[in-house]
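Enquirer: predicted model follows, preceded by the sequence.
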Amino acid sequence: MSHEIDTMAYAGETPWHGLGEKVDNNLTPMQMLKKAGLDWTVERKPVYHKEKDKYVMTKDWNVLVRSDNQKVLGPCGKKYLPIQNKQVFTFFDKFVKAGDMTMGTAGSLDEGRQVWGLANIKQGFKLPGGDDVEGHLLISHPHQWGKALTVMFTPIRVVCNNTLTMALAEKGNRFTMPHIQEFGSDMQLKAQEALGLAKGKFTEFKEMASFLAKKRYKEQDLNNFITRQFHPNLLLDNKVDRDQWNRTSQYVFDLVHKQPGANMSEGTWWSALNAVTYYYDHKAGRERDTSLRSAWFGSRAAKKRQALTLAVEYAKAA
């Protein structure tokens, strides 16, 4: 397993990144926590520095330390409140027990600095051609100073496991909490209210996807869409010469016609959008674990949000 994946478990089909340990598809959140190797805690410990001939506790800084292997995860301020993995996974508990969700995958990246859990909300839809999309709830839980716990909804296109986090990653469509308070029952209730349990948001995304699947692109508009996404400096007078494209842009253009499920929505803006998301999820970068981190939590997630905005813009003008 490559360097950035720490531990991981998954139920059902092998994830797109091809990493992790397969488990039963009926695990409770706490069982998934253990199978994913997340049954450890984080402690805030003091830092000492040497002054003359003795060691003195540093006034303003602590460090975060894993309980199981004593790995130092990084510095933090003295007001930083560690949130434990077990606390986070209790958020899924009552929904799984009620039959509203099933645990899909969980794990940690970068030696435990980034922990996540993903649950299927048992709500999906089918687009023309048999293109299935399923809804999931993603909890991102970083053990890093300056980064917040985040709960958000992400649709996943089944045919190629494209993670469409852009749909609900905008302000107002996710819940975030800095590490200065407990993620207890009161805060979990606020998270539920903020998300609306993701159900209403999934309907919103279904409408967007259905709209894109009905709207056909013109080749010049598709060229402009790809150019604006990957190197907008080439776009002059709303036209672009494909001979100026780099290899990435040409590759994404080819993916529009060759990506998994391309025949399901051929010639539509849904197909154009998924060529971009498929590239960021499956092809960009050299390491699969690094790609997962970026596609869900980093720069590529932002780029997918940008692609959705552009695709809707062009579809409305079609």
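Expert: Alright, I've got the coordinates. Numbering: from 1, shown residues only.
Enquirer: could you confirm Y279 falls within a strand?
Expert: No: counting by DSSP: H, G, I helix; E, B strand; the rest coil, Y279 is not found in a strand; it is helix.
Enquirer: tell me, how many neighbours does the nearest residue to it once chain neighbours are set aside end up with?
Expert: The shortest distance from Y279 to any non-neighbouring residue, by C-beta to C-beta, 6 or more residues apart in numbering, is to V252 (5.2 Å). Every C-beta, even on glycine, is put in place using the N, C-alpha and C of the backbone. Residues lying near V252 (other C-beta atoms under 10 Å) number 24.
Enquirer: what does the strand or helix carrying V63 contact?
Expert: Using DSSP states H and E, V63 sits within strand 54-66. Strand 54-66 is contacted by residues 40-50, 71-78, 80, 82, 111-112, 143-145 when judged by C-beta atoms under 8 Å, 6 or more residues apart in numbering.
Enquirer: the helix or strand just after it - contacts with which helices or strands?
Expert: Using DSSP H and E, the helix or strand that follows strand 54-66 in sequence is strand 72-77. Judged by 3 or more C-beta pairs under 8 Å, 6 or more residues apart in numbering; DSSP states H and E, strand 72-77 is in contact with strand 42-51, strand 54-66.
Enquirer: could you list the low-pLDDT ranges of the protein?
Expert: Residue ranges of the chain with pLDDT under 70: 1-5, 14-19, 164-174, 180, 194-201, 236-239, 285-298.
Enquirer: what ranges does it have for its strands?
Expert: With DSSP state E, the ranges of strands along the chain come out as 5-11, 21-23, 42-51, 54-66, 72-77, 102-109, 114-127, 131-142, 149-157, 162-163, 174-177.
Enquirer: which one of these lies closest to T277?
Expert: strand 162-163 (4.3 Å; C-beta to C-beta).
Enquirer: what helices or strands is the helix ranked longest in the chain leaning on?
Expert: Secondary structure of the chain per DSSP state H: the longest helix is helix 299-317. On a contact count with 3+ C-beta pairs under 8 Å, 6+ apart, helix 299-317 meets helix 199-214, helix 219-230, helix 269-278, helix 288-297.
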